[in-house]
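> Build me a structure from this.
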Amino acid sequence: MELRQLKYFVKAAETLNFSEAARLLYVTQSTLSQQIRQLEQELDTMLFDRDSHNVTLTESGERLLPLAKRTLQDADICGCAIKDLNKMLSGSLNIGITYTFAPILTETVIAFMKEHPAVKLNISYKTMEELMEKLTKRELDFVLSFRPSSLHPEIESHILFDNHLAVLMNRNHPLAEKEKLTPEELLPHRIAMPSKGLQSRNTFDNLFPHAHENLHIVAEINDVNVLLDVVSRTGLVTILSEAVVSQNERLKAIALDYSDNIMQGCVHTLRNSYRKRAAEEFIKMLRDSEAVRERANQWLG
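Alright, predicted model coming up:
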């Protein structure tokens, strides 16, 4: 059994399309099919059911898929560990990030790519729940998000900075001169909320479980960039982390007046797992970035 065969099998299993898998792997379809047949012969089982129209995984294929992914991930970690030992930053770095973290990340991404051009960055923007699942499956090296109310026992959180839930609006809005705002002060105003499932919305609903019943919510949007653009161009207000307006000159963030209004920006990693040197370097650069520096915690030492 070869790692190449497992790599071909995983891609074919993910796409359930041999021609598409071959295209993504930059090999011919005949090469892909031959390698998978050899793997099936070695394992003495069929991994795919094939007909003229569809490709599906057999029971054996379903069982092999997570094992094959873990084997490929472990092989990648082995390579990274040896390169780290030789102080060579190369390979790939897989980062998961929630949408509201995006403005904080840009500075570090640009600086890291310039300083470490041999490292390929793979950045996934998804909801916190999706990212935590990918982290536990070892598909990500770390996740950047606000601290959830509860964590998977395999995941540990390192606080990077403190943040607050805020009311966001364009700078010409009548509320823009306020220092703090309560939910009651928002009642006369039209609101575009982040959709349920996004972390800022979850935090708001936890802090004020009945507030949305009285608020004049005219839209719910699950794309933070779209939400910010809408708010910047209209008289609507929204409720997001104040960090999301970092370096955004069109918007004003005013903290919600509530004693427990704390959102902790965190780096989430797997417990007792190998941390790539590239990951440590990226997180250090993020901690020292302009966007984070004032709130940074020295958890990396």
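> can you map out the strands along the stretch 51-200 of the chain?
55-57, 91-97, 119-125, 142-146, 155-163, 165-170, 180-181, 190-194 (DSSP state E, counting those that start in this stretch).
> Least confident of these, on average?
Looking at the strands of the stretch 51-200 of the chain, the lowest mean pLDDT belongs to strand 155-163 (a mean of 83).
> How far does the worst-scoring helix or strand of the chain on mean pLDDT sit from its chain's centre?
Scoring the helices and strands of the chain by mean pLDDT, DSSP states H and E places helix 59-85 at the bottom, with a mean of 79. Distance of helix 59-85 from the chain centroid (CA atoms, centre = their mean, to the nearest Å) equals 21 Å.
> Give me the packing partners of it, helices and strands only.
helix 3-15, strand 91-97, helix 277-287 (3 or more CB pairs under 8 Å, 6 or more residues apart in numbering; DSSP states H and E). The way it works is simple: take the backbone N, C-alpha and C, and place the C-beta from them, glycine included.
> which residues does residue 3 contact?
71, 72, 75 (CB atoms under 8 Å, 6 or more residues apart in numbering).
> What is the burial count for the second one?
Going back to what we said before, that points to residue 72. Residue 72 is flanked by 16 other residues according to other CB atoms under 10 Å.
> Any figure for the gap between it and residue 170?
47 Å (CB to CB, to the nearest Å).
> Could you check how far residue 178 is from residue 252?
9 Å.
> So for these two, which residue has more residues nearby?
Comparing residue 178 with residue 252 by other CB under 10 Å, the one with more neighbours is residue 252, at 21 against 16.
> Backbone dihedrals for the more buried one, please?
phi -120, psi 140 (degrees, to the nearest 10).
> any idea how far it lies from residue 130?
In terms of CB to CB, residue 252 sits 30 Å off from residue 130.
> With mean neighbour count as extra columns, can I get the strands of the stretch 51-200 of the chain in a markdown table?
Formatted as a markdown table, these follow (neighbours: other CB atoms under 10 Å):
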| stretch | mean neighbour count |
| --- | --- |
| strand 55-57 | 16 |
| strand 91-97 | 21 |
| strand 119-125 | 15 |
| strand 142-146 | 25 |
| strand 155-163 | 18 |
| strand 165-170 | 24 |
| strand 180-181 | 17 |
| strand 190-194 | 20 |
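> Of those strands, which is nearest residue 11?
Residue 11 lies closest to strand 55-57 among these, at 12.1 Å (CB to CB).
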